[in-house]
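[1] can't give you the sequence, but here's the structure:
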(Lines give C-alpha, C1' and ligand atoms only; values in the text may rest on other atoms or scores of the structure.)
Protein backbone atom coordinates (compact mmCIF):
# COMPACT_ATOMS: atom_id res chain seq x y z
CA UNK A 1 0.00 0.00 0.00
CA UNK A 2 2.27 2.78 -1.13
CA UNK A 3 1.51 6.45 -1.67
CA UNK A 4 2.59 8.72 -4.52
CA UNK A 5 2.60 12.47 -3.87
CA UNK A 6 2.88 14.92 -6.76
CA UNK A 7 4.83 18.01 -5.66
CA UNK A 8 4.93 21.27 -7.51
CA UNK A 9 7.80 23.76 -7.52
CA UNK A 10 7.77 27.44 -8.35
CA UNK A 11 11.01 28.49 -10.07
CA UNK A 12 12.76 25.48 -8.60
CA UNK A 13 11.64 26.11 -5.00
CA UNK A 14 9.06 24.47 -2.77
CA UNK A 15 6.61 26.31 -0.54
CA UNK A 16 5.06 25.70 2.87
CA UNK A 17 2.07 24.01 1.22
CA UNK A 18 4.43 21.43 -0.31
CA UNK A 19 5.85 20.61 3.14
CA UNK A 20 2.30 20.08 4.36
CA UNK A 21 1.55 17.81 1.40
CA UNK A 22 4.73 15.74 1.80
CA UNK A 23 4.21 15.30 5.52
CA UNK A 24 0.56 14.40 4.84
CA UNK A 25 1.70 11.76 2.33
CA UNK A 26 4.07 10.26 4.91
CA UNK A 27 1.29 10.07 7.52
CA UNK A 28 -1.03 8.44 4.97
CA UNK A 29 1.67 5.89 4.15
CA UNK A 30 2.07 5.16 7.87
CA UNK A 31 -1.69 4.74 8.18
CA UNK A 32 -1.75 2.35 5.24
CA UNK A 33 1.39 0.51 6.38
CA UNK A 34 3.40 1.39 3.27
CA UNK A 35 5.96 3.81 1.91
CA UNK A 36 5.74 7.22 0.27
CA UNK A 37 7.24 8.25 -3.06
CA UNK A 38 7.27 11.84 -4.33
CA UNK A 39 7.19 12.95 -7.95
CA UNK A 40 8.61 16.34 -8.90
CA UNK A 41 8.18 17.56 -12.49
CA UNK A 42 10.40 20.37 -13.74
CA UNK A 43 13.86 21.50 -12.76
CA UNK A 44 14.64 21.44 -9.04
CA UNK A 45 18.12 21.32 -7.48
CA UNK A 46 18.96 18.11 -5.61
CA UNK A 47 19.45 19.96 -2.30
CA UNK A 48 15.99 21.47 -2.50
CA UNK A 49 14.56 17.99 -3.13
CA UNK A 50 16.58 16.42 -0.30
CA UNK A 51 15.26 19.02 2.16
CA UNK A 52 11.91 17.27 1.86
CA UNK A 53 13.37 14.33 3.79
CA UNK A 54 12.65 16.28 6.98
CA UNK A 55 8.94 16.15 6.12
CA UNK A 56 8.88 12.42 5.54
CA UNK A 57 10.00 12.03 1.92
CA UNK A 58 11.58 8.64 1.19
CA UNK A 59 12.14 8.23 -2.52
CA UNK A 60 11.82 11.30 -4.73
CA UNK A 61 11.39 10.81 -8.46
CA UNK A 62 12.66 13.85 -10.32
CA UNK A 63 11.30 14.19 -13.85
CA UNK A 64 13.22 17.04 -15.44
CA UNK A 65 11.52 18.65 -18.40
CA UNK A 66 11.21 22.08 -19.99
CA UNK A 67 7.64 21.38 -21.07
CA UNK A 68 5.39 23.86 -19.24
CA UNK A 69 2.35 22.61 -17.36
CA UNK A 70 0.32 20.61 -19.89
CA UNK A 71 -2.59 18.76 -18.36
CA UNK A 72 -2.34 15.67 -20.57
CA UNK A 73 1.45 15.38 -20.51
CA UNK A 74 1.86 15.93 -16.77
CA UNK A 75 -1.02 13.58 -15.95
CA UNK A 76 0.61 10.84 -18.03
CA UNK A 77 3.88 11.26 -16.08
CA UNK A 78 2.08 11.13 -12.73
CA UNK A 79 0.11 8.03 -13.75
CA UNK A 80 3.29 6.34 -14.98
CA UNK A 81 5.08 7.14 -11.71
CA UNK A 82 2.14 5.72 -9.76
CA UNK A 83 2.23 2.51 -11.78
CA UNK A 84 6.01 2.16 -11.58
CA UNK A 85 6.09 2.70 -7.83
CA UNK A 86 3.10 0.44 -7.24
CA UNK A 87 1.14 3.26 -5.58
CA UNK A 88 -2.41 2.56 -4.54
CA UNK A 89 -3.01 6.14 -3.37
CA UNK A 90 -2.09 9.26 -5.34
CA UNK A 91 -2.10 12.59 -3.51
CA UNK A 92 -2.03 16.13 -4.89
CA UNK A 93 -2.70 19.62 -3.58
CA UNK A 94 -6.17 21.06 -4.17
CA UNK A 95 -4.79 24.10 -6.00
CA UNK A 96 -5.00 25.21 -9.63
CA UNK A 97 -2.52 22.55 -10.74
CA UNK A 98 -3.98 19.72 -8.69
CA UNK A 99 -7.48 20.53 -9.95
CA UNK A 100 -6.18 20.33 -13.52
CA UNK A 101 -4.21 17.10 -13.17
CA UNK A 102 -5.96 14.90 -10.58
CA UNK A 103 -9.04 14.12 -12.72
CA UNK A 104 -6.91 13.08 -15.70
CA UNK A 105 -4.67 10.95 -13.47
CA UNK A 106 -7.74 9.30 -11.93
CA UNK A 107 -9.08 8.26 -15.35
CA UNK A 108 -5.67 6.93 -16.42
CA UNK A 109 -5.46 4.79 -13.28
CA UNK A 110 -9.11 3.79 -13.30
CA UNK A 111 -9.30 5.34 -9.88
CA UNK A 112 -12.01 7.03 -7.87
CA UNK A 113 -11.22 10.65 -7.01
CA UNK A 114 -12.31 12.69 -4.03
CA UNK A 115 -11.01 16.25 -4.14
CA UNK A 116 -10.56 18.98 -1.51
CA UNK A 117 -10.19 16.45 1.29
CA UNK A 118 -9.92 17.82 4.85
CA UNK A 119 -6.92 16.33 6.65
CA UNK A 120 -6.34 12.64 7.32
CA UNK A 121 -8.89 9.97 6.33
CA UNK A 122 -11.76 9.11 8.67
CA UNK A 123 -10.84 5.45 8.11
CA UNK A 124 -8.34 3.56 5.97
CA UNK A 125 -10.30 0.34 5.57
CA UNK A 126 -12.73 1.17 4.02
CA UNK A 127 -11.01 4.33 2.72
CA UNK A 128 -13.27 7.16 3.87
CA UNK A 129 -12.36 10.84 3.69
CA UNK A 130 -14.09 14.02 4.83
CA UNK A 131 -14.63 17.13 2.70
CA UNK A 132 -16.80 20.19 2.49
CA UNK A 133 -19.78 20.14 0.16
CA UNK A 134 -22.28 22.74 -1.01
CA UNK A 135 -19.55 25.38 -0.84
CA UNK A 136 -18.96 24.94 2.87
CA UNK A 137 -22.60 24.61 3.91
CA UNK A 138 -22.20 20.89 4.56
CA UNK A 139 -19.56 18.35 5.54
CA UNK A 140 -19.55 15.11 3.61
CA UNK A 141 -17.87 11.77 4.14
CA UNK A 142 -17.06 9.82 0.99
CA UNK A 143 -15.64 6.35 0.45
CA UNK A 144 -13.36 5.67 -2.50
CA UNK A 145 -14.22 2.20 -3.69
CA UNK A 146 -11.63 1.52 -6.39
CA UNK A 147 -8.33 -0.36 -5.89
CA UNK A 148 -6.29 2.73 -6.77
CA UNK A 149 -7.42 6.00 -5.21
CA UNK A 150 -6.74 9.66 -5.94
CA UNK A 151 -7.26 12.52 -3.51
CA UNK A 152 -6.46 16.23 -3.43
CA UNK A 153 -5.80 17.89 -0.07
CA UNK A 154 -7.40 21.17 0.95
CA UNK A 155 -4.56 23.45 1.91
CA UNK A 156 -4.01 24.15 5.60
CA UNK A 157 -6.16 21.23 6.80
CA UNK A 158 -3.46 18.66 7.63
CA UNK A 159 -0.67 20.74 9.19
CA UNK A 160 3.05 20.05 8.93
CA UNK A 161 4.86 17.30 10.83
CA UNK A 162 8.56 16.64 10.65
CA UNK A 163 10.22 13.23 10.47
CA UNK A 164 13.74 11.91 10.89
CA UNK A 165 15.10 10.43 7.71
CA UNK A 166 16.80 11.10 4.44
CA UNK A 167 15.36 11.39 0.99
CA UNK A 168 16.84 9.51 -1.97
CA UNK A 169 16.51 11.26 -5.32
CA UNK A 170 16.04 9.17 -8.48
CA UNK A 171 15.72 10.42 -12.02
CA UNK A 172 12.58 9.69 -13.98
CA UNK A 173 12.88 9.92 -17.75
CA UNK A 174 10.60 12.65 -19.09
CA UNK A 175 12.23 13.08 -22.49
CA UNK A 176 9.24 11.68 -24.36
CA UNK A 177 6.88 14.33 -22.95
CA UNK A 178 5.39 16.69 -25.52
CA UNK A 179 2.88 19.48 -25.15
CA UNK A 180 -0.37 20.13 -27.00
CA UNK A 181 -0.42 23.78 -25.99
CA UNK A 182 1.82 26.77 -26.68
CA UNK A 183 2.53 29.23 -23.89
CA UNK A 184 2.61 32.69 -25.50
CA UNK A 185 3.45 34.65 -22.38
CA UNK A 186 3.61 34.33 -18.60
CA UNK A 187 2.75 37.04 -16.13
CA UNK A 188 3.97 36.42 -12.60
CA UNK A 189 2.57 38.33 -9.65
CA UNK A 190 5.52 39.93 -7.97
CA UNK A 191 6.06 41.83 -4.75
CA UNK A 192 2.66 40.88 -3.40
CA UNK A 193 1.61 38.20 -1.00
CA UNK A 194 -0.43 35.63 -2.88
CA UNK A 195 -4.02 35.28 -1.77
CA UNK A 196 -3.88 31.47 -1.94
CA UNK A 197 -0.92 31.35 0.46
CA UNK A 198 -1.57 34.24 2.83
CA UNK A 199 -1.90 33.69 6.57
CA UNK A 200 -3.77 37.00 6.85
CA UNK A 201 -6.21 38.41 4.26
CA UNK A 202 -7.65 41.93 4.24
CA UNK A 203 -10.75 42.05 2.08
CA UNK A 204 -12.94 44.97 1.06
CA UNK A 205 -16.55 45.13 -0.08
CA UNK A 206 -18.98 47.63 -1.48
CA UNK A 207 -18.73 49.50 1.83
CA UNK A 208 -15.35 50.76 0.59
CA UNK A 209 -17.47 52.98 -1.68
CA UNK A 210 -15.10 53.41 -4.64
CA UNK A 211 -11.94 52.18 -6.32
CA UNK A 212 -10.11 55.26 -5.05
CA UNK A 213 -10.55 54.29 -1.41
CA UNK A 214 -8.31 51.23 -1.47
CA UNK A 215 -5.15 52.88 -0.25
CA UNK A 216 -5.99 52.68 3.48
CA UNK A 217 -6.93 49.00 3.03
CA UNK A 218 -3.62 48.28 1.31
CA UNK A 219 -1.85 50.12 4.10
CA UNK A 220 -3.47 47.88 6.71
CA UNK A 221 -2.55 44.81 4.62
CA UNK A 222 1.03 46.08 4.45
CA UNK A 223 1.23 46.45 8.23
CA UNK A 224 -0.15 42.93 8.75
CA UNK A 225 1.83 41.30 5.95
CA UNK A 226 -1.52 40.33 4.47
CA UNK A 227 -2.83 39.64 0.99
CA UNK A 228 -5.62 41.89 -0.30
CA UNK A 229 -8.96 40.56 -1.52
CA UNK A 230 -12.46 41.76 -2.32
CA UNK A 231 -16.10 40.73 -2.62
CA UNK A 232 -17.86 40.01 -5.90
CA UNK A 233 -19.55 43.41 -6.45
CA UNK A 234 -16.16 45.05 -6.08
CA UNK A 235 -14.52 42.94 -8.81
CA UNK A 236 -17.63 43.17 -11.00
CA UNK A 237 -17.45 46.98 -10.75
CA UNK A 238 -13.82 46.77 -11.78
CA UNK A 239 -12.60 48.42 -8.57
CA UNK A 240 -10.26 45.48 -8.03
CA UNK A 241 -8.94 42.70 -10.33
CA UNK A 242 -10.91 39.44 -10.66
CA UNK A 243 -8.16 37.33 -9.12
CA UNK A 244 -8.85 39.10 -5.80
CA UNK A 245 -12.52 38.05 -5.72
CA UNK A 246 -13.18 35.76 -2.78
CA UNK A 247 -16.45 33.85 -2.68
CA UNK A 248 -18.51 31.11 -4.26
CA UNK A 249 -17.48 31.80 -7.86
CA UNK A 250 -14.15 33.38 -6.98
CA UNK A 251 -11.42 32.07 -4.73
CA UNK A 252 -11.94 29.96 -1.65
CA UNK A 253 -9.46 30.99 1.03
CA UNK A 254 -8.45 29.46 4.36
CA UNK A 255 -6.21 31.98 6.16
CA UNK A 256 -5.65 32.17 9.92
CA UNK A 257 -7.13 35.66 9.96
CA UNK A 258 -9.63 37.23 7.54
CA UNK A 259 -10.73 40.88 7.68
CA UNK A 260 -14.10 41.58 6.02
CA UNK A 261 -14.24 45.36 5.61
CA UNK A 262 -17.50 46.80 4.33
CA UNK A 263 -18.66 43.34 3.22
CA UNK A 264 -22.30 42.59 4.05
CA UNK A 265 -21.74 38.82 4.06
CA UNK A 266 -23.91 37.38 1.29
CA UNK A 267 -24.05 33.58 1.46
CA UNK A 268 -21.92 33.41 -1.72
CA UNK A 269 -19.16 35.39 0.00
CA UNK A 270 -19.34 33.26 3.13
CA UNK A 271 -18.82 30.18 0.93
CA UNK A 272 -15.36 31.51 0.11
CA UNK A 273 -14.26 32.35 3.65
CA UNK A 274 -15.84 29.71 5.88
CA UNK A 275 -12.53 27.86 6.30
CA UNK A 276 -10.83 30.93 7.80
CA UNK A 277 -9.72 30.34 11.37
CA UNK A 278 -10.73 33.78 12.66
CA UNK A 279 -12.92 36.37 10.92
CA UNK A 280 -13.00 40.07 11.84
CA UNK A 281 -15.85 42.11 10.34
CA UNK A 282 -16.27 45.87 10.15
CA UNK A 283 -19.58 47.17 8.86
CA UNK A 284 -21.73 50.21 9.50
CA UNK A 285 -24.89 48.06 9.52
CA UNK A 286 -25.19 46.16 12.83
CA UNK A 287 -27.69 43.79 11.16
CA UNK A 288 -25.26 42.78 8.36
CA UNK A 289 -25.15 38.96 8.01
CA UNK A 290 -21.34 39.05 8.10
CA UNK A 291 -21.54 39.44 11.89
CA UNK A 292 -23.11 35.99 12.23
CA UNK A 293 -20.08 34.49 10.48
CA UNK A 294 -17.48 36.66 12.22
CA UNK A 295 -15.61 36.03 15.47
CA UNK A 296 -14.97 39.72 16.18
CA UNK A 297 -17.07 42.61 14.93
CA UNK A 298 -16.93 46.38 14.85
CA UNK A 299 -19.94 48.47 13.91
CA UNK A 300 -18.66 51.67 12.44
CA UNK A 301 -17.72 53.76 9.46
CA UNK A 302 -14.67 52.46 7.61
CA UNK A 303 -13.47 55.95 6.79
CA UNK A 304 -12.67 56.43 10.47
CA UNK A 305 -12.25 52.83 11.71
CA UNK A 306 -9.79 51.64 9.05
CA UNK A 307 -7.04 54.23 9.75
CA UNK A 308 -7.45 53.54 13.49
CA UNK A 309 -7.02 49.82 12.89
CA UNK A 310 -3.90 50.41 10.84
CA UNK A 311 -2.46 52.57 13.64
CA UNK A 312 -3.33 50.05 16.35
CA UNK A 313 -1.78 47.12 14.45
CA UNK A 314 1.27 49.21 13.56
CA UNK A 315 1.77 50.01 17.25
CA UNK A 316 1.38 46.31 18.13
CA UNK A 317 3.81 45.16 15.43
CA UNK A 318 6.46 47.70 16.37
CA UNK A 319 6.15 46.68 20.02
CA UNK A 320 6.84 43.05 19.17
CA UNK B 1 -16.84 25.32 -35.09
CA UNK B 2 -19.21 23.62 -32.67
CA UNK B 3 -19.09 24.41 -28.99
CA UNK B 4 -20.34 22.06 -26.29
CA UNK B 5 -21.07 23.43 -22.82
CA UNK B 6 -21.35 20.92 -19.98
CA UNK B 7 -24.01 21.88 -17.48
CA UNK B 8 -24.45 20.69 -13.93
CA UNK B 9 -27.96 20.99 -12.51
CA UNK B 10 -27.46 22.22 -8.94
CA UNK B 11 -29.51 23.63 -6.06
CA UNK B 12 -29.75 27.42 -6.02
CA UNK B 13 -26.64 28.65 -4.20
CA UNK B 14 -28.75 30.30 -1.48
CA UNK B 15 -30.44 26.97 -0.59
CA UNK B 16 -30.33 25.89 3.04
CA UNK B 17 -29.10 22.31 2.95
CA UNK B 18 -31.41 19.77 4.66
CA UNK B 19 -30.73 16.09 5.18
CA UNK B 20 -32.61 12.82 5.43
CA UNK B 21 -33.25 11.61 9.00
CA UNK B 22 -30.27 9.20 8.87
CA UNK B 23 -27.96 11.97 7.51
CA UNK B 24 -27.00 9.69 4.62
CA UNK B 25 -28.60 11.84 1.92
CA UNK B 26 -29.46 15.44 1.13
CA UNK B 27 -33.18 16.26 1.25
CA UNK B 28 -33.84 18.09 -2.00
CA UNK B 29 -37.54 18.77 -1.39
CA UNK B 30 -38.51 22.34 -2.20
CA UNK B 31 -35.13 23.11 -3.79
CA UNK B 32 -34.89 25.54 -6.73
CA UNK B 33 -32.57 24.12 -9.41
CA UNK B 34 -30.23 26.28 -11.42
CA UNK B 35 -27.42 26.07 -13.96
CA UNK B 36 -24.20 25.70 -11.97
CA UNK B 37 -22.80 29.28 -11.76
CA UNK B 38 -19.48 28.48 -13.50
CA UNK B 39 -21.29 26.60 -16.28
CA UNK B 40 -23.59 29.59 -16.70
CA UNK B 41 -20.52 31.80 -17.27
CA UNK B 42 -19.12 29.22 -19.74
CA UNK B 43 -22.43 29.25 -21.66
CA UNK B 44 -22.45 33.06 -21.63
CA UNK B 45 -18.96 33.17 -23.17
CA UNK B 46 -19.97 30.61 -25.82
CA UNK B 47 -22.97 32.78 -26.78
CA UNK B 48 -20.80 35.91 -26.87
CA UNK B 49 -18.35 34.14 -29.21
CA UNK B 50 -21.13 32.97 -31.51
CA UNK B 51 -22.47 36.51 -31.69
CA UNK B 52 -18.98 37.92 -32.36
CA UNK B 53 -18.00 35.26 -34.94
CA UNK B 54 -21.25 34.17 -36.65
CA UNK B 55 -19.38 32.65 -39.61
CA UNK B 56 -17.01 30.70 -37.37
CA UNK B 57 -19.20 29.38 -34.54
CA UNK B 58 -21.97 27.30 -36.04
CA UNK B 59 -23.66 25.76 -33.06
CA UNK B 60 -23.75 25.75 -29.27
CA UNK B 61 -24.91 22.53 -27.63
CA UNK B 62 -25.48 22.04 -23.91
CA UNK B 63 -25.24 18.66 -22.22
CA UNK B 64 -25.99 17.29 -18.78
CA UNK B 65 -26.18 13.88 -17.16
CA UNK B 66 -29.31 13.47 -15.10
CA UNK B 67 -32.93 12.49 -14.87
CA UNK B 68 -35.89 14.22 -16.53
CA UNK B 69 -35.97 16.66 -13.59
CA UNK B 70 -32.88 18.29 -15.17
CA UNK B 71 -34.82 19.22 -18.33
CA UNK B 72 -36.01 22.64 -17.04
CA UNK B 73 -32.38 23.61 -16.43
CA UNK B 74 -31.45 22.55 -19.98
CA UNK B 75 -34.45 24.53 -21.30
CA UNK B 76 -33.14 27.55 -19.41
CA UNK B 77 -29.76 27.12 -21.16
CA UNK B 78 -31.61 26.93 -24.49
CA UNK B 79 -33.52 30.09 -23.55
CA UNK B 80 -30.20 31.83 -22.84
CA UNK B 81 -29.09 31.10 -26.41
CA UNK B 82 -27.84 27.52 -26.80
CA UNK B 83 -29.06 25.86 -30.03
CA UNK B 84 -29.73 22.35 -28.84
CA UNK B 85 -29.40 20.16 -25.77
CA UNK B 86 -28.43 16.62 -24.85
CA UNK B 87 -29.41 14.87 -21.63
CA UNK B 88 -27.71 11.59 -20.81
CA UNK B 89 -30.36 9.74 -18.87
CA UNK B 90 -28.10 8.88 -15.93
CA UNK B 91 -28.83 10.25 -12.48
CA UNK B 92 -26.61 10.05 -9.41
CA UNK B 93 -23.09 8.67 -9.24
CA UNK B 94 -19.79 10.43 -8.66
CA UNK B 95 -17.56 12.52 -10.94
CA UNK B 96 -16.09 9.45 -12.68
CA UNK B 97 -19.59 8.11 -13.38
CA UNK B 98 -20.79 11.48 -14.72
CA UNK B 99 -17.70 12.03 -16.88
CA UNK B 100 -18.07 8.52 -18.32
CA UNK B 101 -21.70 9.26 -19.24
CA UNK B 102 -20.80 12.57 -20.90
CA UNK B 103 -17.87 10.98 -22.80
CA UNK B 104 -20.17 8.21 -24.00
CA UNK B 105 -22.61 10.76 -25.47
CA UNK B 106 -19.92 13.04 -26.91
CA UNK B 107 -17.46 10.52 -28.40
CA UNK B 108 -17.44 10.77 -32.18
CA UNK B 109 -19.61 13.90 -32.19
CA UNK B 110 -18.07 16.90 -33.96
CA UNK B 111 -17.48 19.20 -31.00
CA UNK B 112 -14.39 21.38 -31.35
CA UNK B 113 -14.44 23.22 -28.05
CA UNK B 114 -15.89 21.69 -24.89
CA UNK B 115 -16.43 24.10 -22.00
CA UNK B 116 -16.83 22.94 -18.41
CA UNK B 117 -17.11 25.06 -15.27
CA UNK B 118 -14.20 24.54 -12.89
CA UNK B 119 -16.43 23.04 -10.23
CA UNK B 120 -20.05 22.49 -9.37
CA UNK B 121 -21.51 24.34 -6.43
CA UNK B 122 -22.89 21.13 -4.88
CA UNK B 123 -19.97 18.70 -4.56
CA UNK B 124 -17.19 21.19 -5.40
CA UNK B 125 -15.25 18.39 -7.05
CA UNK B 126 -13.38 20.13 -9.89
CA UNK B 127 -13.24 16.74 -11.55
CA UNK B 128 -15.67 16.17 -14.43
CA UNK B 129 -13.98 18.48 -16.99
CA UNK B 130 -10.53 16.93 -16.65
CA UNK B 131 -11.95 13.41 -16.58
CA UNK B 132 -13.96 14.07 -19.74
CA UNK B 133 -10.83 15.37 -21.51
CA UNK B 134 -8.88 12.26 -20.51
CA UNK B 135 -11.70 9.89 -21.53
CA UNK B 136 -11.90 11.61 -24.94
CA UNK B 137 -8.08 11.85 -25.13
CA UNK B 138 -8.31 15.60 -25.87
CA UNK B 139 -6.02 18.36 -24.69
CA UNK B 140 -7.35 20.36 -21.79
CA UNK B 141 -6.54 23.72 -20.27
CA UNK B 142 -7.76 24.38 -16.75
CA UNK B 143 -8.42 27.53 -14.70
CA UNK B 144 -9.24 29.43 -17.91
CA UNK B 145 -10.27 33.05 -17.28
CA UNK B 146 -10.53 34.32 -20.87
CA UNK B 147 -11.27 32.68 -24.23
CA UNK B 148 -10.91 34.20 -27.69
CA UNK B 149 -11.04 32.76 -31.18
CA UNK B 150 -8.66 33.83 -33.91
CA UNK B 151 -9.60 31.82 -36.97
CA UNK B 152 -8.93 28.23 -35.99
CA UNK B 153 -6.55 29.24 -33.25
CA UNK B 154 -7.94 29.17 -29.73
CA UNK B 155 -6.41 31.68 -27.34
CA UNK B 156 -6.99 31.47 -23.63
CA UNK B 157 -5.67 32.93 -20.42
CA UNK B 158 -5.18 30.50 -17.59
CA UNK B 159 -4.33 31.00 -13.95
CA UNK B 160 -1.20 29.22 -12.81
CA UNK B 161 0.35 28.97 -9.37
CA UNK B 162 1.37 32.57 -8.68
CA UNK B 163 0.38 34.21 -11.96
CA UNK B 164 -1.28 33.77 -15.32
CA UNK B 165 -0.37 32.63 -18.82
CA UNK B 166 -1.57 33.30 -22.34
CA UNK B 167 -1.96 29.99 -24.15
CA UNK B 168 -2.64 29.03 -27.72
CA UNK B 169 -4.17 25.68 -28.55
CA UNK B 170 -6.28 24.07 -31.21
CA UNK B 171 -9.44 21.99 -31.48
CA UNK B 172 -10.53 19.61 -30.21
CA UNK B 173 -9.96 20.82 -26.69
CA UNK B 174 -11.64 20.82 -23.29
CA UNK B 175 -11.46 24.18 -21.53
CA UNK B 176 -12.17 24.23 -17.82
CA UNK B 177 -13.28 27.75 -17.06
CA UNK B 178 -13.45 29.93 -13.99
CA UNK B 179 -14.23 33.46 -12.87
CA UNK B 180 -13.49 36.08 -15.51
CA UNK B 181 -14.48 33.98 -18.55
CA UNK B 182 -17.64 36.12 -18.71
CA UNK B 183 -18.73 38.86 -16.37
CA UNK B 184 -22.53 38.96 -16.27
CA UNK B 185 -24.35 35.69 -16.90
CA UNK B 186 -26.79 35.82 -19.81
CA UNK B 187 -30.39 36.08 -18.68
CA UNK B 188 -33.07 34.53 -20.93
CA UNK B 189 -35.21 37.02 -22.85
CA UNK B 190 -38.96 36.47 -23.26
CA UNK B 191 -38.31 35.56 -26.90
CA UNK B 192 -35.56 33.20 -25.80
CA UNK B 193 -37.94 31.45 -23.41
CA UNK B 194 -40.54 31.06 -26.19
CA UNK B 195 -38.10 29.64 -28.74
CA UNK B 196 -36.47 27.34 -26.17
CA UNK B 197 -39.66 25.27 -26.04
CA UNK B 198 -39.19 24.09 -29.61
CA UNK B 199 -35.40 23.72 -29.67
CA UNK B 200 -34.18 20.09 -29.83
CA UNK B 201 -33.51 18.31 -26.54
CA UNK B 202 -32.14 14.84 -27.24
CA UNK B 203 -32.20 12.17 -24.54
CA UNK B 204 -29.37 9.63 -24.78
CA UNK B 205 -29.51 6.32 -22.90
CA UNK B 206 -26.94 5.85 -20.13
CA UNK B 207 -23.95 3.58 -20.55
CA UNK B 208 -22.89 0.99 -17.98
CA UNK B 209 -20.36 2.66 -15.69
CA UNK B 210 -19.08 2.06 -12.20
CA UNK B 211 -18.58 5.04 -9.88
CA UNK B 212 -15.22 5.38 -8.12
CA UNK B 213 -16.59 6.72 -4.87
CA UNK B 214 -19.78 7.00 -2.86
CA UNK B 215 -21.18 9.29 -0.21
CA UNK B 216 -21.18 7.70 3.25
CA UNK B 217 -22.96 10.49 5.09
CA UNK B 218 -23.29 14.18 5.84
CA UNK B 219 -22.82 16.44 8.83
CA UNK B 220 -23.84 20.03 9.39
CA UNK B 221 -20.74 22.20 9.77
CA UNK B 222 -19.95 23.17 13.39
CA UNK B 223 -21.80 26.27 14.62
CA UNK B 224 -19.77 29.43 15.03
CA UNK B 225 -19.81 30.95 18.49
CA UNK B 226 -21.36 34.41 18.79
CA UNK B 227 -19.49 37.36 17.34
CA UNK B 228 -17.69 39.43 19.99
CA UNK B 229 -18.49 43.10 19.39
CA UNK B 230 -15.76 45.66 19.91
CA UNK B 231 -16.14 49.39 20.48
CA UNK B 232 -14.86 51.30 17.42
CA UNK B 233 -13.27 53.76 19.86
CA UNK B 234 -11.22 50.93 21.38
CA UNK B 235 -9.44 49.16 18.53
CA UNK B 236 -6.61 48.20 20.90
CA UNK B 237 -9.09 45.74 22.41
CA UNK B 238 -9.34 44.00 19.02
CA UNK B 239 -5.56 43.81 18.71
CA UNK B 240 -5.35 42.46 22.25
CA UNK B 241 -7.98 39.76 21.64
CA UNK B 242 -6.47 38.67 18.32
CA UNK B 243 -3.12 38.34 20.06
CA UNK B 244 -4.07 36.74 23.40
CA UNK B 245 -7.42 35.02 22.79
CA UNK B 246 -7.48 34.01 19.11
CA UNK B 247 -3.67 33.90 18.90
CA UNK B 248 -3.56 34.68 15.21
CA UNK B 249 -1.23 37.70 15.36
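    In hand now; what should we look at? Computed from a prediction, not measured in an experiment: that's the story for all the values here.
[2] Now do the helices in chain B.
    B:37-52, B:71-80, B:95-106, B:128-136, B:190-196, B:235-244 (DSSP state H).
[3] Single out the most deeply packed of the ones you listed.
    Comparing those by mean neighbour count (mean count of other Cβ atoms under 10 Å in any protein chain shown), helix B:128-136 ranks first with a mean of 27. (Glycine included, C-beta is placed from N, CA and C.)
[4] ok, back up a step: now distance to chain A too, for the helices of chain B, in JSON lines please.
    As requested, those are exported to JSON lines (distance: least, Cβ to the nearest Cβ, whole Å):
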{"stretch": "helix B:37-52", "distance to chain A": "5"}
{"stretch": "helix B:71-80", "distance to chain A": "17"}
{"stretch": "helix B:95-106", "distance to chain A": "6"}
{"stretch": "helix B:128-136", "distance to chain A": "3"}
{"stretch": "helix B:190-196", "distance to chain A": "23"}
{"stretch": "helix B:235-244", "distance to chain A": "4"}
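[5] mind putting these in TSV, mean pLDDT and distance to residue A:104 included?
    TSV is the format used below for these (pLDDT from 0 to 100; distance: least, Cβ to Cβ, whole Å):
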stretch	mean pLDDT	distance to residue A:104
helix B:37-52	97	19
helix B:71-80	98	26
helix B:95-106	98	10
helix B:128-136	98	4
helix B:190-196	96	34
helix B:235-244	96	42
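[6] residues touching the residue nearest to residue B:129 when sequence neighbours are not counted, list them.
    Nearest residue to residue B:129 in three dimensions, chain neighbours excluded: residue B:116, at 3.2 Å (Cβ to Cβ, 6 or more residues apart in numbering or on different chains). By Cβ atoms under 8 Å, 6 or more residues apart in numbering or on different chains, the contact set of residue B:116 is B:5-6, B:39, B:42, B:128-129, B:132, B:174-177.
[7] Quickly note the distance from the spatially closest residue to residue B:166 that is not a sequence neighbour to residue B:92.
    Distances taken as Cβ to Cβ, 6+ apart place residue A:184 nearest to residue B:166, at 4.1 Å, with adjacent residues excluded. For residue A:184, the distance to residue B:92 equals 41 Å [Cβ to Cβ, to the nearest Å].
[8] sorry, back to before: what's the closest of the helices of chain B to residue A:100?
    helix B:128-136 (6.3 Å; Cβ to Cβ).
[9] Can you pull out the low-pLDDT segments for the chain?
    You didn't pick a chain, so chain A it is. For chain A, the stretches with pLDDT under 70 are A:191, A:320.
[10] domain ranges for it?
    Domain assignment for chain A by automatic domain parsing gives A:2-171, A:195-319.
[11] Tell me which residue of chain A lies closest to chain B.
    residue A:112 (2.3 Å; Cβ to the nearest Cβ).
[12] Now do the closest residue to that residue other than its chain neighbours, the pLDDT please.
    Spatial nearest neighbour of residue A:112, chain neighbours left out: residue B:212 (2.3 Å); criterion: Cβ to Cβ, 6+ apart. Predicted confidence (pLDDT) at residue B:212: the value is 98.
[13] picking that back up, give me the element the residue nearest to residue B:166 is part of.
    Here residue A:184, judged by DSSP states H and E, is contained in strand A:182-188.
[14] what helices or strands is that strand leaning on?
    The contact analysis (3 or more Cβ pairs under 8 Å, 6 or more residues apart in numbering or on different chains; DSSP states H and E) places strand A:182-188 against strand B:163-169.
[15] May I have the strands that pair with the strand it packs on, each with its orientation?
    Counting by DSSP bridges, the strands paired with strand B:163-169 are strand A:182-188 (antiparallel), strand B:153-160 (antiparallel).
[16] Pipe these into TSV and attach distance to residue A:99 and mean neighbour count per row.
    Output for the strands paired with strand B:163-169, formatted as TSV (distance: least, Cβ to Cβ, whole Å; neighbours: other Cβ atoms under 10 Å in any protein chain shown):
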stretch	distance to residue A:99	mean neighbour count
strand A:182-188	19	12
strand B:153-160	10	20
